[in-house]
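Asker: all I have is the shape, not the residue letters:
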């Protein structure tokens with residue numbers, strides 16, 4: 001088993017709502033929804049950017065810095081949610097704010113998603129093996145103009161209505177380190193998406209490559225790739 005230690009992580013989540021959650025712009029539900037959102041994240045109204053000209057995806061936007069390190073950005077509208085978390089203290093911490101947003105919406109509306117996408121971008125420090133050496137074991141492509149080799153795969157899963165796209169390459173910011181990007185796309189609304197995606201990567205996909213990603217102390221700078 002080849003081990004790399006996770007050094008920097010970015011997590012993102014996107015959801016397309018169907019039907020649209022029109023309740024969050026209705027006269028009766030918008031104020032209760034905003035109050036719930038402010039309470040869930042400890043925000044003041046001045047922390048939130050409201051854009052009534054773009055109700056579909058960018059009606060509400062805010063950024064939150066965490067005492068434990070890192071920050072996340074949120075944009076939300078009637079048609080969908082976008083969430084980006086830079087340098088969460090742990091992978092598990094990355095999902096909690098998304099649940100808070102979803103729970104806030106559910107207090108005002110029935111929520112169904114046409115599609116959900118979870119993306120992990122990690123830069124990992126090397127152990128005994130450099131990223132270039134690890135990748136070379138799975139990539140036989142050769143070319144004089146090639147600067148580095150990368151691996152790209154698409155897997156069926158974790159459940160039947162999902163697939164996982166995986167990219168592994170040399171890290172641009174950690175010498176000899178490994179860059180890993182996974183994107184898991186779910187079809188019709190599934191309540192439990194985070195744990196299955198993590199378990200699928202760590203228990204099924206990575207072991208198929210003889211790869212182990214160890215958790216490590218996270219840096220607070222946003223990754224560059």
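Answerer: Now that the structure is in, tell me what you want to look at. Everything numeric in this text was worked out from a predicted model, so none of it was measured.
Asker: which stretches in this protein count as strands?
Answerer: Counting by DSSP state E, the chain has strands at residues 2-17, 48-50, 60-65, 71-76, 80-86, 113-126, 151-156, 162-170, 178-186, 211-214.
Asker: out of those, which gets nearest to residue 97?
Answerer: Shortest distance between residue 97 and the strands of the chain, using C-beta to C-beta, is found for strand 71-76: 5.7 Å. No exception for glycine: its C-beta is placed from N, CA and C like everyone else's.
Asker: tell me the angle that closest one makes with strand 80-86.
Answerer: 170 degrees (axes from the mean of the first three to the mean of the last three C-alpha atoms, to 10 degrees).
Asker: strands paired with strand 71-76, and their directions?
Answerer: strand 60-65 (antiparallel), strand 80-86 (antiparallel) (DSSP bridges).
Asker: nearest to residue 92, of the strands of the chain?
Answerer: strand 2-17 (10.5 Å).
Asker: distance from the chain centre to that closest one, please.
Answerer: 5 Å (C-alpha atoms, centre = their mean, to the nearest Å).
Asker: which other helices and strands does it contact?
Answerer: Packing partners of strand 2-17 (3 or more C-beta pairs under 8 Å, 6 or more residues apart in numbering; DSSP states H and E): strand 80-86, strand 113-126, helix 131-136, strand 211-214.
Asker: mean pLDDT and mean neighbour count for these - can I get that in JSON lines?
Answerer: Output for these, formatted as JSON lines (pLDDT from 0 to 100; neighbours: other C-beta atoms under 10 Å):
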{"stretch": "strand 80-86", "mean pLDDT": "97", "mean neighbour count": "21"}
{"stretch": "strand 113-126", "mean pLDDT": "96", "mean neighbour count": "20"}
{"stretch": "helix 131-136", "mean pLDDT": "94", "mean neighbour count": "18"}
{"stretch": "strand 211-214", "mean pLDDT": "95", "mean neighbour count": "16"}
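Asker: could you chop the protein up by domain?
Answerer: For the chain, the structural domains run 1-18+113-218, 19-111, going by automatic domain parsing.
Asker: before we move on, back to that, any chance of the strands paired with strand 71-76 in CSV, plus distance to residue 136?
Answerer: What follows is the strands paired with strand 71-76, written out as CSV (distance: least, C-beta to C-beta, whole Å):
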stretch, distance to residue 136
strand 60-65, 40
strand 80-86, 31
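Asker: can you tell which of those strands is closest to residue 138?
Answerer: Among the strands paired with strand 71-76, strand 80-86 sits nearest to residue 138 (C-beta to C-beta), with 29.2 Å.
Asker: tilt between that closest one and strand 113-126?
Answerer: Using the same axes, to 10 degrees: strand 80-86 against strand 113-126 is 10 degrees.
Asker: just want the angle from strand 80-86 to strand 2-17.
Answerer: Using the same axes, to 10 degrees: strand 80-86 against strand 2-17 is 150 degrees.
Asker: who's in contact with strand 80-86?
Answerer: 10-17, 56-57, 70-76, 94, 97-98, 101, 222-223 (C-beta atoms under 8 Å, 6 or more residues apart in numbering).
Asker: partner residues bridging residue 65?
Answerer: Here residue 65, judged by DSSP bridges, has bridge partners residue 71.
Asker: so how far is residue 119 from it?
Answerer: According to C-beta to C-beta, to the nearest Å, residue 65 stands 21 Å off from residue 119.
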